[in-house]
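**Q** pasting the sequence and the predicted model now:
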Amino acid sequence: MAIAAPGQLNVNESPTSGSRSVDCFEKLEQIGEGTYGQVYMAKEIKTGEIVALKKIRMDNEREGFPITAIREIKILKKLHHENVIKLKEIVTSQGPEKDEQGRPDGNKYKGGIYMVFEYMDHDLTGLADRPGMRFTVPQIKCYMRQLLTGLHYCHVNQVLHRDIKGSNLLIDNEGNLKLADFGLARSFSNDQNANLTNRVITLWYRPPELLLGTTKYGPAVDMWSVGCIFAELLQGKPIFPGKDEPEQLNKIYELCGAPTEINWPGVSKIPYYNKFMPTRPMKRRLREVFRHFDHHALELLEKMLTLDPAQRITAKDALDAEYFWTDPLPCDPKSLPKYESSHEFQTKKKRQKQRENEEMAKRQKMQHPQQHTRLPPIQQPGQHAQMRSGPNQPIHGSQPQVAAGPTHHYGKPRGPSGGPGRYPPNGNPGGGYNHPNRGGQGGGGYGTGPYPPQGRGAPYGSNSMPGAGPRGGGGGSGYGVGAPNYPQQGGPYGGSGAGRASNMMGGNRNQQQYGWQQ
Ligand SMILES: Nc1ncnc2c1ncn2[C@@H]1O[C@H](COP(=O)(O)OP(=O)(O)OP(=O)(O)O)[C@@H](O)[C@H]1O
């Protein structure tokens with residue numbers, strides 16, 4: 001290995017120990033700005049590979065290396081799954097860091113530390129916010145299936161994600177969805193007495209038990225967030241956009257009813273139960289509010305948005321839900337259309353720019369009203385004065401468009417009718433995916449009208465989702481580095497489960513053999 005000059009970093013060689021320099025990468029553009037650091041799209045100079053660099057924010061040197069980053073690195077080093085983002089390496093820079101204009105970047109730490117991730121083209125929020133974006137039913141099923149598969153893997157490995165939301169679900173142009181941002185994640189054990197913080201999960205996706213102040217919880221907290229994402233995909237907008245914790249709980253109660261000892265045994269012992277008790281009776285209205293959803297979707301959503309965490313559906317059981325096994329089936333990720341890169345950070349920025357343009361145009365119009373209302377049009381060569389359509393009509397180009405919130409819609413599906421479909425006992429490699437662009441099954445999205453009857457469709461078959469493997473041992477063993485994630489044979493619910501045929505997610509309904517469920 002070549003030795004670098006004193007004071008210089010050797011960027012050409014991989015170190016035999018320690019980390020490489022960030023100078024091995026060329027930053028291309030910023031794609032994310034989170035609470036815990038900036039994220040850049042970058043190119044590895046030597047190989048040309050595109051990666052994502054997440055800079056670890058160390059604003060307060062006295063607090064040392066942030067615990068969120070330590071957790072994220074520790075947890076990601078042990079998780080290896082196609083639906084979990086891959087942490088490739090950690091790289092460092094010799095500080096002090098400079099921003100794009102060459103100014104010190106405010107990071108008081110003398111050197112920067114970056115996590116290098118595989119690059120993903122989109123996050124779900126950014127993708128959904130693309131103008132005119134419409135997700136088809138098979139596409140929603142495809143994303144939901146991948147989300148649940150990744151989460152099931154985390155839960156089997158005794159990891160709680162604790163920040164499931166659209167901007168943390170990354171999607172590439174091959175249609176793969178991966179869970180990202182494990183900054184709030186932590187290992188959990190079966191020890192029901194462990195106290196965990198309840199100040200986790202972004203408010204809109206936070207379950208009622210955390211809002212009510214419980215400190216003893218498990219994987220069900222992530223499943224509530226999944227339910228919120230699912231409803232958001234079907235509805236086209238967030239379903240619980242609370243401004244603060246009391247409003248958040250109120251929104252939940254309005255849709256899911258107020259918790260009582262009947263629907264949630266033990267709820268009255270949770271710290272803030274009395275404090276947030278509604279003053280009027282509130283009935284569950286989920287079926288009524290979302291009556292336009294397909295009934296299998298509604299059935300699954302009901303189970304995800306169950307107030308009592310002990311009764312809430314698990315990721316494993318959700319994967320076995322009829323929703324994923326009836327027409328229109330989830331599509332093959334590879335068949336999904338490819339979109340120009342879209343991250344929440346960029347779409348937010350674009351919208352902000354549009355708003356600024358709009359504001360500026362409005363201000364200009366206010367300052368110079370005559371320009372548009374009184375001045376005669378400038379006649380172009382060859383133009384006739386009759387072009388003017390009226391004395392007060394503007395004749396100049398149109399105003400910049402105002403971005404009007406999320407623009408994704410979920411139109412009515414146009415699926416074929418017929419009886420409910422069943423999947424085959426054995427998955428067929430490569431066959432049976434529903435193609436979103438094929439006529440009939442995948443043509444539409446969700447809309448406000450009643451969903452047409454489900455059709456009998458081609459069975460979903462794939463050998464790409466083998467059966468689940470061994471249960472993670474106490475405190476985080478289980479799926480070890482480099483070991484196959486889901487062995488085909490053996491394991492609590494391997495490829496050939498009893499009862500209902502094993503599905504591609506490796507689950508079947510009759511087995512409940514995972515850690516926290518025991
Ligand atoms: N591997 C990746 N590939 C592409 N984009 C990524 C990648 N990782 C993160 N991003 C983008 O950066 C954004 C922020 O990343 P991340 O959530 O990991 O940071 P954070 O600081 O923890 O953010 P937050 O405050 O939202 O929790 C993501 O929403 C995504 O758009």
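**A** Noted; the coordinates are in hand. The structure displayed is predicted, hence computed values, not measured ones. Numbers count the residues shown, from 1 in each chain.
**Q** separation between residue 194 and the ligand?
**A** According to C-beta to the nearest ligand atom, to the nearest Å, residue 194 and the ligand sit 24 Å apart. Just so you know, the C-beta spots here come from the backbone N, C-alpha and C atoms, and that holds for glycine as well.
**Q** for residue 141, same thing?
**A** 23 Å.
**Q** burial count for that residue?
**A** Using other C-beta atoms under 10 Å, residue 141 is surrounded by 26 other residues.
**Q** quick check: closest non-adjacent residue to it.
**A** residue 330 (3.7 Å; C-beta to C-beta, 6 or more residues apart in numbering).
**Q** that neighbour contacts residue 142, correct?
**A** Yes. Counting by C-beta atoms under 8 Å, residue 142 is a contact partner of residue 330 at 4.3 Å.
**Q** what does the stretch 201-350 of the chain put close to the ligand?
**A** When proximity is defined as C-beta under 6 Å from any ligand atom, the stretch 201-350 of the chain approaches the ligand at 343-345.
**Q** now do the biggest strand by length in the chain, average pLDDT.
**A** Across the chain, the longest stretch assigned as strand under DSSP state E is strand 25-34. Averaging pLDDT along strand 25-34 yields 92.
**Q** strand partners (parallel or antiparallel) of it?
**A** Paired with strand 25-34 in the same sheet, following DSSP bridges, are strand 37-44 (antiparallel).
**Q** and the contacts of the strand it pairs with?
**A** With C-beta atoms under 8 Å, 6 or more residues apart in numbering as the test, strand 37-44 has contacts from 24-33, 49-57, 69, 119, 341, 345.
**Q** filter those residues down to the buried ones.
**A** Among the contacts of strand 37-44, those classed as buried by 16 or more other C-beta atoms under 10 Å are 24-25, 30-32, 51-57, 69, 119, 341, 345.
**Q** can the longest strand of the chain be said to contact the ligand?
**A** Yes. Strand 25-34 lies within reach of the ligand by C-beta under 6 Å from any ligand atom, at 31-32, 34.
**Q** I'd like the residues you listed laid out as JSON lines, including distance to residue 313.
**A** Listed next are the residues of strand 25-34 next to the ligand as JSON lines, based on distance: C-beta to C-beta, whole Å:
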{"residue": "31", "distance to residue 313": "33"}
{"residue": "32", "distance to residue 313": "31"}
{"residue": "34", "distance to residue 313": "29"}
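**Q** about what we covered before: what is the burial count for the residue nearest to residue 141?
**A** 25.
**Q** can you give me the distance of it to the ligand?
**A** Residue 330 is 23 Å from the ligand, by C-beta to the nearest ligand atom.
**Q** now residue 350
**A** Residue 350 is 13 Å from the ligand, by C-beta to the nearest ligand atom.
**Q** so what's the residue count around residue 246?
**A** Neighbour tally, residue 246, other C-beta under 10 Å: 13.
**Q** that one - nearest residue in space that isn't next to it in sequence?
**A** residue 276 is the one closest to residue 246 (C-beta to C-beta, 6+ apart), at 6.6 Å.
**Q** what sits against the one you found?
**A** By C-beta under 8 Å, 6+ apart, the neighbours of residue 276 are 211-212, 246, 249.
**Q** likewise residue 242?
**A** 203-204, 248-251.
**Q** secondary structure class for it?
**A** coil (DSSP: H, G, I helix; E, B strand; the rest coil).
**Q** tell me which helix or strand the residue nearest to it when sequence neighbours are not counted sits in.
**A** Excluding its sequence neighbours, the residue lying closest to residue 242 (C-beta to C-beta, 6+ apart) is residue 248, at 3.1 Å. In the assignment (DSSP states H and E), residue 248 maps to helix 245-256.
**Q** what of residue 365?
**A** Assigned by DSSP H and E, residue 365 falls in helix 344-367.
**Q** helices or strands next to that helix in the packing?
**A** strand 25-34, helix 124-128 (3 or more C-beta pairs under 8 Å, 6 or more residues apart in numbering; DSSP states H and E).
**Q** of the ones you listed, which is nearest residue 176?
**A** Nearest of these to residue 176, taken as C-beta to C-beta: helix 124-128 at 12.2 Å.
**Q** how about that closest one as PDB, C-alpha atoms only?
**A** In PDB, the C-alpha atoms belonging to helix 124-128 read as follows (Å, rounded to 0.1, in the frame of the first residue of the first chain):
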ATOM      1  CA  LEU A 124     -41.700   7.400  -1.200                       C
ATOM      2  CA  THR A 125     -42.700  11.000  -0.200                       C
ATOM      3  CA  GLY A 126     -40.700  12.500  -3.000                       C
ATOM      4  CA  LEU A 127     -42.000  10.000  -5.500                       C
ATOM      5  CA  ALA A 128     -45.700  10.500  -4.400                       C
END
